[in-house]
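Visitor: okay, structure incoming, though there's no sequence with it:
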């Protein structure tokens, strides 16, 4: 029996049950709207950005979600709390699907909010969750990035969680970007020739590469890699020891990329190409694209919106749109 208990404890330690979602940014790209509404609460068709992110974490089996919020972000906490006014409004507006999805999230996960007292960078935001995460592996999902999985694909977080539970190695999600987009992202230089494969089931497997080096928003001439980090990670808790002693660098902020780079010196960190579509809803153009494409997938809006976009495209081609 003691041996069985030891096995169960070790098994639980490998399981990724917790996640950190940094949502403390000031949202300056969306001012003046974000002066009173947190960026993460801006809606994509009929649900806030943060809702899609939390839902992804829950679907990946996460049980405890730590929201790292800043000053003036009470609306995020209120949204996930039980609120008669909000739920009554959703019900009266006929948004039963959103209401049911919100109820499922509350039933399946604990939402814990922590205040980041100073905006000292993504690395500091992740470190702020240490007391709740403890010595367990954990996922990180950026609060303004949404991933959509088509054709029954698994999400980026789900793949990273499953991968950690098999390998016990930290990992991050990556996607290929064009050369002129390199300077907008953290870039991973990976051991692409030595591609490896993990099988999660008889019909689902993923390829991955070992990370050799990470660069924070480099110029295209500084690296030959076009693998951009997408804002989804799973970490061994050792990352906290690195973040604790991390020095501020670019913009006088503690960069998560620098901490992962340090982690690669002593531990294996893997990269997994994203399966699905990723939207940067924290960018004005990305936010607009998100709304259009989510609306096109909405059965109530597909037909009319498609007709409108076709007519608009014709006006633009003719030069008659004003």
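Guide: Structure received. Because the structure is predicted, anything quoted here is derived from the model rather than measured.

Visitor: what about residue 37, how many neighbours?
Guide: A count of neighbours around residue 37, defined by other CB atoms under 10 Å, yields 17. Every residue, glycine included, has its C-beta placed from N, CA and C.

Visitor: wait, doesn't it sit right on residue 79?
Guide: No - contact criterion CB atoms under 8 Å: residue 37 and residue 79 do not qualify, at 11.3 Å.

Visitor: ok, now how distant is residue 285 from residue 293?
Guide: 12 Å (CB to CB, to the nearest Å).

Visitor: neighbour count: the two, which is higher?
Guide: Per other CB under 10 Å, whichever of residue 285 and residue 293 has more neighbours is residue 293, with 15 against 8.

Visitor: any idea which helix or strand carries the more buried one?
Guide: If you go by DSSP states H and E, residue 293 is part of helix 284-296.

Visitor: the lengthiest strand in the chain pairs with which strands, and in what direction?
Guide: When the chain is parsed with DSSP state E, its longest strand is strand 204-216. When pairing is defined by DSSP bridges, strand 204-216 lines up against strand 186-190 (antiparallel), strand 196-201 (antiparallel), strand 269-273 (antiparallel).

Visitor: ok, then the element right after that strand?
Guide: Sequence-wise, the next helix or strand downstream of strand 204-216 (DSSP H and E) is strand 227-235.

Visitor: next, the angle from that following strand to strand 269-273.
Guide: On the basis of axes from the mean of the first three to the mean of the last three CA atoms, to 10 degrees, strand 227-235 is oriented at 120 degrees to strand 269-273.

Visitor: show me what counts as buried in whatever helix or strand comes next after strand 227-235.
Guide: For strand 227-235, the succeeding helix or strand toward the C-terminus, using DSSP H and E, is helix 238-244. Under the neighbour-count criterion of 16 or more other CB atoms under 10 Å, helix 238-244 has 239, 240, 242, 243 buried.

Visitor: now for helix 238-244, which elements pack on it?
Guide: In terms of contacts (3 or more CB pairs under 8 Å, 6 or more residues apart in numbering; DSSP states H and E), helix 238-244 is packed against helix 122-127, helix 256-264.

Visitor: out of those, indicate the one that is most buried.
Guide: helix 122-127 (a mean of 24; mean count of other CB atoms under 10 Å).

Visitor: quick one: that helix to chain centroid distance?
Guide: 14 Å (CA atoms, centre = their mean, to the nearest Å).

Visitor: how about residues contacting that helix?
Guide: 20, 22, 24, 68, 116, 118, 140, 142, 239-240, 243-244, 246, 253-256, 258-259 (CB atoms under 8 Å, 6 or more residues apart in numbering).

Visitor: sorry, back to before: would you mind listing the buried residues in the longest strand of the chain?
Guide: For strand 204-216, burial by neighbour count (16+ other CB under 10 Å) applies to 206, 208, 209, 210, 211, 214, 215, 216.

Visitor: thanks a lot, catch you later.
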